[in-house]
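In: Sequence plus the predicted model coming up.
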Amino acid sequence: MTTLAQARSLFALLVLAFAVIMPAWAQELVSVRNPTVNLRAAPSTDAPILFRLAQGYPLQVLERRGNWLRVQDFEGDQGWIARNVTADVPHHIVKSKRINLRSGPGTNHAIVGSANYGDLLRTVRRQGNWVQVQNPNGRGNAWVASNLVWGW
């Protein structure tokens, strides 16, 4: 195979790989802006309420229709939410039964607290496979392993 043919094959492979992983990069997330928000069965205030969501609850945007967003949560539940009650403030939700909050990004760091399934954590930043969050006990920040939480 010539060098040009090898380059074309490599380029085609890279394009294919990019096409496969692009949806993960393009994922749009929002969080609930107001203290309590209704997730509805259809894009209307007359539609049945499926769930009430707390401030900070992270949601993945699946579709936009006018002033409404069709969203999905970490459990795969879907519904509609008014766009004006969402924000771009990153949060994570605990998806494990109970997790440790640590003083640094690694299991070698001290445990400084814990969180339970469904707890909301305000995201500060990400570092590798760890997420720094505001400690829910109000004492600074803490770290959690990213595979134990969902959000951004």
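Out: Looks like it came in fine.
In: Tell me which residues touch the nearest residue to residue 119 once chain neighbours are set aside, please.
Out: Take residue 119 and drop its neighbours on the chain: the residue closest to it by C-beta to C-beta, 6 or more residues apart in numbering is residue 94, 4.5 Å away. Yep, even glycine has a C-beta here, placed from its N, CA and C like the rest. For residue 94, the contact set (C-beta atoms under 8 Å, 6 or more residues apart in numbering) comprises 115-119, 121, 144, 148-149.
In: So, low pLDDT: which residues of this protein?
Out: 1-26 (pLDDT under 70).
In: all helices of it, in order?
Out: Assigned by DSSP state H, the chain shows helices spanning 3-26.
In: Show me how it divides into domains.
Out: 28-89, 92-151 (automatic domain parsing).
In: partners of residue 134 in the sheet?
Out: Beta-bridge partners of residue 134, counted by DSSP bridges, are residue 141.
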